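> no sequence on this one, just coordinates:
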């Protein structure tokens, strides 16, 4: 039987290698194509919520064929400033993070960051990523601190 620490190492390696179902929202990119991409895999984008009037943003959600719920946080200018997910396993982080994936790999390869029994938190200049859960119930969120609209706090990214 694998120890819990080995399971976490295997899951992190799988995330780094992009072994999982594809994700469609891309951090830091325009959100315009998400609707057509979701339709292509038989999913529909749903607008979940609008941010407060003083800090407007939109939260859109879709579910991948692998049953991973992806939420993208879109600023008024149409840029995805944060993404969050939950599902039976991590999404394809290379697809979800886009150009930020190299930052993630670099941070994950260093000893910085905090790791708990079921949690990982990494923070860089362009990317903050937190993930956790257990087999069959994984969650995570990632954002670019420089893209957060004024007045929007990380606690709003769920």
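That came through fine. All of these numbers come straight from a predicted model, not from anything done at the bench.
> got the buried residues for stretch 138-151?
Within stretch 138-151, the residues that qualify as buried by neighbour count (16 or more other Cβ atoms under 10 Å) are 138, 139, 140, 141, 142, 143, 144, 147, 148, 149. C-beta: built from backbone N, CA, C; applies to glycine.
> Can you tell me the closest non-neighbouring residue to the second one?
Looking back up the chat, that one is residue 139. Nearest non-adjacent residue to residue 139, counting by Cβ to Cβ, 6 or more residues apart in numbering: residue 86, 4.2 Å away.
> Dump the buried residues of stretch 138-151 to TSV, plus secondary structure and pLDDT.
Below are those laid out as TSV (DSSP: H, G, I helix; E, B strand; the rest coil; pLDDT from 0 to 100):
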residue	secondary structure	pLDDT
138	strand	93
139	strand	95
140	strand	96
141	strand	96
142	strand	96
143	strand	96
144	coil	96
147	coil	94
148	coil	93
149	coil	90
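> pLDDT (mean, whole number) over stretch 65-78?
The average pLDDT within stretch 65-78 is 88.
> Does anything pack onto the helix or strand in which the residue nearest to residue 139 is found? Which helices or strands?
Taking DSSP states H and E as the definition, residue 86 sits inside strand 80-87. On a contact count with 3 or more Cβ pairs under 8 Å, 6 or more residues apart in numbering; DSSP states H and E, strand 80-87 meets strand 69-74, helix 93-97, strand 137-143.
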